[in-house]
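Colleague: From the sequence below, what's the structure:
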Amino acid sequence: QVQLVESGGGLVQPGESLRLSCAVSGHPHSNIAMAWFRQAPGKEREFVAAINWSAVFRNYADSVKGRFTISRDSAKNTAYLEMNNLGPEDTADYYCAVRTGYSVTYYYRAALYDYWGQGTQVTVAS
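Modeller: Prediction:
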């Protein structure tokens with residue numbers, strides 16, 4: 001059984017940083033792509049960042065480029081999302097997702113990902 005467990009969310013002030021983690025267990029394949037999505041209250045889920053198994057490919061939403069960094073430790077099957085200079089617009093539930101293989105064209109499509117975590121809440125407020 002594939003399980004994804006996110007952690008690291010919390011309440012921070014504008015300009016501060018957070019680091020999210022996503023630990024994957026039970027996946028039958030090693031070449032899994034990992035991604036982060038987020039959903040703000042009253043809004044649709046949106047793509048944040050994605051990374052392939054070797055970390056050669058990394059893609060970001062325009063809204064987070066230069067502020068967020070996705071990384072992974074393949075030995076631990078864990079992905080990270082380093083979020084810097086957070087603003088109120090980053091307030092959302094953040095979800096980790098995985099799929100076998102990396103789509104260099106459609107990495108941003110939620111429907112391509114097979115397994116999802118339960119989400120971790122990030123609140124940015126002064």
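Colleague: Name the nearest residue to Q13, ignoring sequence neighbours.
Modeller: Excluding its sequence neighbours, the residue lying closest to Q13 (CB to CB, 6 or more residues apart in numbering) is S126, at 5.3 Å. Every residue, glycine included, has its C-beta placed from N, CA and C.
Colleague: mind checking pLDDT for that neighbour?
Modeller: For S126, the pLDDT comes out at 94.
Colleague: I'd guessed it sits against V12; true?
Modeller: No. In this structure, S126 is not within contact of V12 by CB atoms under 8 Å, at 9.8 Å.
Colleague: Okay, now the unreliable bits of the chain?
Modeller: Applying pLDDT under 70 to the chain flags no residue at all.
Colleague: Run through the residues that contact the most centrally placed residue in it.
Modeller: For the chain, the residue nearest the mean C-alpha position is W36 (2.0 Å; CA atoms, centre = their mean). By CB atoms under 8 Å, 6 or more residues apart in numbering, the contact set of W36 is L20, C22, V48, A49, A50, I70, A79, L81, Y94, Y95, C96, A97.
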